[in-house]
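> what follows is a predicted structure for the sequence shown.
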Amino acid sequence: MKRILLGMIVGASALLGGCGHEDDSDLDSIPRDLVTCLKGGSCAGYVVKASSGSKNFNHVFSSLWTNYPSGSSSQVKEDIGGNVDADWITNTCVVRTSRALNYSGSAFEIPLNFEPYNGMNTIRGGDGKRYGFRVVEMAQYMLAKYGRPQVRSAAAAIGRKGIILFDREGWNDANGHFDIWNGSSAKYSDYTSESTNVFVWE
């Protein structure tokens with residue numbers, strides 16, 4: 001089972017990556033084998049929940065949309081508070097996605113630990129809830145808890161709603177951003193036209 005174990009080092013923003021609207025160059029890198037898994041290919045080394053055919057987020061979509069913050073990164077960090085409001089948290093799309101999940105019902109809250117995949121590092125917000133901060137780890141968590149995304153292309157995303165992951169391919173890796181998708185646009189940052197791959201968990 002693949003796990004990403006990061007030291008919680010203050011000032012290690014270069015390692016943390018992320019997906020802030022303010023600095024696109026800091027979008028988090030996604031390994032190519034993880035993209036292959038998300039697209040429906042081999043998931044060797046990854047934990048993936050078997051698909052039940054059901055849609056996880058349709059009935060709570062309005063809550064996800066409302067609770068995904070759209071303010072600046074500094075404002076989001078200040079509003080959540082606690083360890084989220086730290087200098088080394090420089091990009092916040094996974095923090096925002098965590099908040100949307102945390103406030104959409106207990107079944108969706110980010111846990112301190114989640115078996116069988118326990119590789120998503122989290123920090124504690126001022127509200128006592130847990131917040132992820134890395135795109136790669138959030139993508140693996142989503143696979144383990146909710147299975148593969150039902151939507152795997154920008155064209156197929158039209159008219160579909162849920163949690164979206166934009167994959168912008170770079171030289172060797174990809175650049176990722178998590179957001180909430182309403183069927184035609186993202187709540188905060190929309191990279192549809194710039195993305196090599198688009199994934200939506202409905």
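That came in fine, so what should we check first?

> and residue 154, what does it touch?
192, 195, 198 (C-beta atoms under 8 Å, 6 or more residues apart in numbering). Heads up, the C-betas are built off the backbone N, CA and C, glycines and all.

> looking at the residues you listed, which are in strands?
Residues of the contacts of residue 154 located in strands (DSSP state E): residue 198.

> closest one of the contacts of residue 154 to residue 43?
Taking C-beta to C-beta as the measure, residue 43 lies nearest residue 198 of these, at 18.8 Å.

> my read: the closest one touches residue 168, true?
No. Counting by C-beta atoms under 8 Å, residue 198 does not reach residue 168; the two are 10.0 Å apart.

> joint contacts of these two?
The overlap between the contact sets of residue 198 and residue 168 (C-beta under 8 Å, 6+ apart) is empty.

> residue 50 belongs to a strand?
No. Going by DSSP: H, G, I helix; E, B strand; the rest coil, the assignment for residue 50 is coil, not a strand.

> show me where the protein has its strands.
28-30, 122-124, 130-132, 162-169, 174-181, 197-201.

> to residue 92, which of those lies closest?
Nearest to residue 92 among the strands of the chain is strand 130-132 (9.2 Å), distances taken as C-beta to C-beta.

> list the strands paired with the closest one, with their directions.
strand 122-124 (antiparallel) (DSSP bridges).

> stretch 160-174 - what's its average pLDDT?
Taken as a whole, stretch 160-174 carries a mean pLDDT of 76.

> please apply the same query to stretch 78-87.
Averaging pLDDT along stretch 78-87 gives 98.

> check what pLDDT residue 113 gets.
Looking at residue 113, its pLDDT reads 83.

> what's around it, how many residues?
9 (other C-beta atoms under 10 Å).

> residue 193 versus residue 111, what's the distance?
Per C-beta to C-beta, to the nearest Å, residue 111 is found 35 Å from residue 193.

> that should have said residue 135, apologies.
19 Å.

> neighbour count: these two, which is higher?
Using other C-beta under 10 Å, the more surrounded residue of residue 135 and residue 193 is residue 135, with 29 against 6.

> so the more buried one touches residue 95, yeah?
No. Shown here, residue 135 and residue 95 do not form a contact pair, counting by C-beta under 8 Å, at 11.1 Å.

> what about the longest helix in this protein?
For the chain, the longest helix by residue count, based on DSSP state H, is helix 135-146.

> for the protein, which spans come out with low pLDDT?
1-28, 169-174 (pLDDT under 70).

> kindly recompute the last result at 50.
1-18, 20-26, 171-174 (pLDDT under 50).

> mind listing the helices for it?
Using DSSP H, helices in the chain cover 13-16, 32-38, 61-67, 73-80, 93-102, 135-146, 154-157.

> quick one: contacts of the fifth one?
By C-beta under 8 Å, 6+ apart, the residues outside helix 93-102 that reach it are 18-20, 63-65, 67-69, 76-77, 80, 84, 89, 108-110, 122, 125, 127, 129-135, 137-138, 163, 177-180, 188-189.

> quickly list what residue 200 is bridged to.
Applying DSSP bridges, one finds that residue 200 bridges with residue 151, residue 164.
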